[in-house]
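>>> only geometry, no sequence info:
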């Protein structure tokens, strides 16, 4: 069945290739929040209609190219008077091959850190050796590949998460123990742009929709997954369709035969983004998830969800005993001032109007909300970027009756890392001056944890049929918990081509509830590289 999907996709690609003309940008920029912040002046420009909510971007997009090139060439010796060693360490890719028809590069990506948690009296370290290979062949094909081999010892709260969930946050499975961890991580993306309207991508990667630091629709919190993605652009409208295949290692196995591996799940997600004006844009999101197989038998990919230009809800509901889970969402952005944007998201999980207007806290009225403001050049200081954001999700949001069809991938949420049953306020500031990068983050969250044997709606991997609340459901129910998180980091950029930098960071985290207080006071120093988001602010 999978082979049939990819065969149909490639047939469509090559059929369109015959009419190729004026290729649109397709040089991949891996999504990293800190680096993307530096593109803010071009992305949130009132004079352009840039589709900022659909990540990742392309470096050869006319709106970004000049700004991107200036970042990549920071400190470059245009007269080429430096030695070969100096250029490779501080200015250029380790390997690069150029001609009129192609541009291919390759780099070694180290990530070495040592640290000390003074609250828990625990030493931490990270030993990562990685690589990246990317480039374009002609004007229509581009590709990107990276891989990392890792060993590390995490601070207590992260290590406890790894043990409990059997996954390194945002990365994957490996030789996971109780003290030190050993794992690998790989990303691959092949992009093809046959004409100025269409782009096709085949990847083992993540996706992100939204203008915020978090996304309540589709985020990059979880591990990588396989997907086929189509983007279509026509005037002020951009449409994206994603068909993804994911794993759920925590789901009960259907057989004792280990050769069948972990349980699988499918996702079909469609998003249309309309730049109504140069300042205002609105997007509509819909996603459905379903199990690849159940005890009753194999199901596989459902071709009813292939159609990208229809509402998926009526399609899903035509199956009178549908085991699938549908979610709908809205994404909004308004560029209030020059280089300043307001944004927000609203995600419907389930909604019963009769119960909602009674105000009785009915458990099945489940939704998530985000709103925030972000901008660049704050106080007219060039390179000073900021973001302030609020996120919340009602109890039992993103969960389902069967964990295999919930909104998650590899034991982590596909939306917010907290799952559900929380409120969160966060702020981030980032300042770049020459080769120095400074970033600060402050976060407060209120959420509810589950007592043993109970389900108050925060853990999206529990079936909502086991819920402990029918009416009177409210955010923070269960063991009410407060989280304070502050992190500051200073980095000196050595080579912008592969983000090689020396970095010092300090983190303070305090989690408290009726059961006690857990504190973290972590100081780290390291030689770091690569473009990727790894979230430990949970």
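Done, it's in. Everything numeric in this text was worked out from a predicted model, so none of it was measured.
>>> measure residue 333 to residue 191 for me?
Residue 333 sits 25 Å away from residue 191, going by Cβ to Cβ, to the nearest Å. C-betas here are computed from N, CA, C, even on glycine.
>>> could you do residue 232 as well?
As for residue 232, its distance to residue 191 is 14 Å (criterion: Cβ to Cβ).
>>> more neighbours: those two, which one.
The neighbour comparison of residue 232 against residue 191 (other Cβ atoms under 10 Å) goes to residue 191, with 22 against 16.
>>> that one bridge partners, please.
residue 142, residue 201 (DSSP bridges).
>>> just the buried residues of stretch 93-100, please?
Neighbour counts using 16 or more other Cβ atoms under 10 Å place 93, 94 of stretch 93-100 among the buried residues.
>>> gap between it and the chain center?
Distance of stretch 93-100 from its chain centroid, counting by Cα atoms, centre = their mean, to the nearest Å, is 29 Å.
>>> and the end-to-end length of that stretch?
Counting by Cα to Cα, to the nearest Å, you get 18 Å between the two ends of stretch 93-100.
>>> stretch 175-182 too?
One end of stretch 175-182 to the other measures 5 Å (Cα to Cα).
>>> what of stretch 392-401?
Taking Cα to Cα, stretch 392-401 runs 22 Å from one end to the other.
>>> got the buried residues for it?
Buried-residue list, stretch 392-401, by 16+ other Cβ under 10 Å: 392, 393, 394, 395, 396, 397, 398, 399, 400.
>>> show residues contacting stretch 475-482.
Applying Cβ atoms under 8 Å, 6 or more residues apart in numbering, the contact partners of stretch 475-482 are 392-395, 421-423, 444-451, 454, 456-458, 468-469, 510-515.
>>> try 6 Å this time
Contacting residues not belonging to stretch 475-482 are listed as 423, 446, 447, 448, 449, 450, 456, 512, 513 [Cβ atoms under 6 Å, 6 or more residues apart in numbering].
>>> now residue 483. Nearest residue, chain neighbours left out?
Counting by Cβ to Cβ, 6 or more residues apart in numbering, residue 445 is the residue found nearest to residue 483 once chain neighbours are left out, at 4.3 Å.
>>> count of neighbours near that neighbour?
When neighbours are counted by other Cβ under 10 Å, residue 445 registers 21.
>>> that one contacts residue 484, doesn't it?
No: applying Cβ atoms under 6 Å as the test, residue 445 and residue 484 come out as separate, 8.3 Å apart.
>>> show me where pLDDT drops low in the chain?
Applying pLDDT under 70 to the chain picks out residues 1-24, 75-80, 256-259, 308-323.
>>> and the contacts of stretch 347-367?
Contacts of stretch 347-367 (Cβ under 6 Å, 6+ apart): 216-217, 327-329, 368, 394, 396-397, 467, 469-474.
>>> helices along the protein, start to end?
Residue ranges of the helices in the chain, as given by DSSP state H, are 2-17, 33-37, 40-43, 65-72, 84-90, 156-165, 312-317, 353-358.
>>> so what's residue 474 closest to, chain neighbours aside?
The shortest distance from residue 474 to any non-neighbouring residue, by Cβ to Cβ, 6+ apart, is to residue 361 (5.7 Å).
>>> backbone dihedrals for the one you found, please?
phi 70, psi 40 (degrees, to the nearest 10).
>>> against residue 195, how distant is residue 139?
Remark: distance between residue 139 and residue 195 (Cβ to Cβ) = 11 Å.
>>> residue 278 too?
Applying Cβ to Cβ, the value for residue 278 to residue 195 is 25 Å.
>>> again with residue 334
For residue 334, the distance to residue 195 equals 31 Å [Cβ to Cβ].
>>> same thing with residue 70?
Computed as Cβ to Cβ, the residue 70 to residue 195 distance reads 29 Å.
>>> all strands for the stretch 1-150 of the chain, in order.
54-55, 95-98, 102-117, 122-137, 141-153 (DSSP state E, counting those that start in this stretch).
>>> could you check the angle the fourth one makes with helix 156-165?
Taking axes from the mean of the first three to the mean of the last three Cα atoms, to 10 degrees, one finds strand 122-137 and helix 156-165 inclined to each other by 70 degrees.
>>> buried ones in strand 122-137, by neighbour count?
Applying a neighbour-count criterion of 16+ other Cβ under 10 Å, one finds 122, 124, 125, 126, 128, 130, 131, 132, 133, 134, 135, 136 buried in strand 122-137.
>>> dig out what the first one forms beta bridges with.
Same thing as residue 122. Partner residues in beta bridges with residue 122, using DSSP bridges, are residue 117.
>>> and for the fifth one?
Beta-bridge partners for residue 128, by DSSP bridges, are residue 111, residue 150.
>>> please identify the buried residues of stretch 167-184?
167, 168, 169, 170, 171, 172, 173, 174, 176, 181, 183, 184.
>>> how many neighbouring residues does the nearest residue to residue 92 once chain neighbours are set aside have?
Leaving aside its chain neighbours, residue 92 sits nearest to residue 497 (6.2 Å; criterion: Cβ to Cβ, 6+ apart). Burial measure for residue 497: 19 neighbouring residues, criterion other Cβ under 10 Å.
>>> what's the spacing between residue 497 and residue 52?
Between residue 497 and residue 52 the distance, using Cβ to Cβ, works out to 24 Å.
>>> repeat for residue 382
Where residue 52 is concerned, residue 382 sits at a distance of 20 Å (Cβ to Cβ).
>>> ok, now residue 117?
37 Å.
>>> check residue 166 too.
For residue 166, the distance to residue 52 equals 35 Å [Cβ to Cβ].
>>> neighbour count: these two, which is higher?
The neighbour count for residue 166 versus residue 52, taken as other Cβ under 10 Å, is higher for residue 52 (27 against 14).
>>> for the more buried one, give me phi and psi.
phi -80, psi -20.
>>> hang on, residue 142 packs against residue 29?
No: judged on Cβ under 6 Å, residue 142 makes no contact with residue 29 at a distance of 10.4 Å.
>>> between the two, which is the more surrounded one?
Neighbour totals were compared for residue 142 and residue 29, and residue 142 leads with 25 against 22 (other Cβ under 10 Å).
>>> now do the contacts for the more buried one.
By Cβ under 6 Å, 6+ apart, the contact list for residue 142 reads 26, 27, 28, 136, 191.
>>> in a markdown table, list those residues along with distance to residue 531.
Below are those laid out as a markdown table (distance: Cβ to Cβ, whole Å):
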| residue | distance to residue 531 |
| --- | --- |
| 26 | 17 |
| 27 | 13 |
| 28 | 10 |
| 136 | 17 |
| 191 | 16 |
